[in-house]
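Chemist: sequence plus predicted model, see below.
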Amino acid sequence: QQQLVESGGGLVQAGGSLRLSCVASGRPFSNYGMGWFRQAPGKERVFVAGINRNGESTVYADSVKGRFTISRDNAKSTLYLQMNDLKPEDSGVYLCYGGNGGGTVLRGTTGYWGQGTQVTVSS
């Protein structure tokens with residue numbers, strides 16, 4: 001099993017920045033791809049960004065390309081999401097996801113989820 005704890009969310013004005021963190025425990029962090037997903041009230045959970053186990057491969061949703069950066073520090077068992085130029089439509093609960101293989105996470109299926117951290121972007 002893997003435990004995931006997110007932090008770094010908050011309230012920010014449009015155009016601002018936030019950095020989310022996800023600390024992992026319970027299994028060797030460096031063996032698995034990771035991802036970030038977002039869930040807004042009344043909407044489905046959507047993919048935001050994914051990364052493979054060594055950080056050399058990343059994938060982003062079209063809506064965040066050029067504004068968000070996913071990264072990881074395997075020595076600290078921590079996943080990050082740097083979010084710049086935030087927009088109101090970026091608001092929602094951001095969830096950290098741990099995949100079951102080493103490849104780049106593209107969807108959340110049978111892996112592990114954190115509880116999420118709330119991001120609210122005001123216009």
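Modeler: Structure's in. What do you need?
Chemist: helices along this structure, start to end?
Modeler: In the chain, no segments count as helices under DSSP state H.
Chemist: what does the pLDDT read for V64?
Modeler: Per-residue confidence (pLDDT) for V64: 98.
Chemist: go on, V12?
Modeler: If you check V12, the pLDDT there is 98.
Chemist: might you report the residue contacts of the residue nearest to V64 when sequence neighbours are not counted?
Modeler: Excluding the flanking residues, the one nearest V64 by C-beta to C-beta, 6 or more residues apart in numbering is V48, at 5.9 Å. Every C-beta, even on glycine, is put in place using the N, C-alpha and C of the backbone. Going by C-beta atoms under 8 Å, 6 or more residues apart in numbering, V48 touches G35, W36, F37, R38, Y60, A61, V64, F68, L81, Y94.
Chemist: tell me the spacing between V48 and G92.
Modeler: Distance from V48 to G92, counting by C-beta to C-beta, to the nearest Å: 9 Å.
Chemist: what touches both of these two?
Modeler: Residues touching both V48 and G92 (C-beta under 8 Å, 6+ apart) are R38.
Chemist: name the nearest residue to the residue nearest the centre of the chain, ignoring sequence neighbours.
Modeler: Centre of the chain computed as the mean C-alpha position; nearest residue by C-alpha atoms, centre = their mean is W36, 2.4 Å away. Using C-beta to C-beta, 6+ apart and skipping residues adjacent in sequence, the residue nearest W36 is V48, 4.4 Å away.
Chemist: pLDDT score assigned to the one you found?
Modeler: 98.
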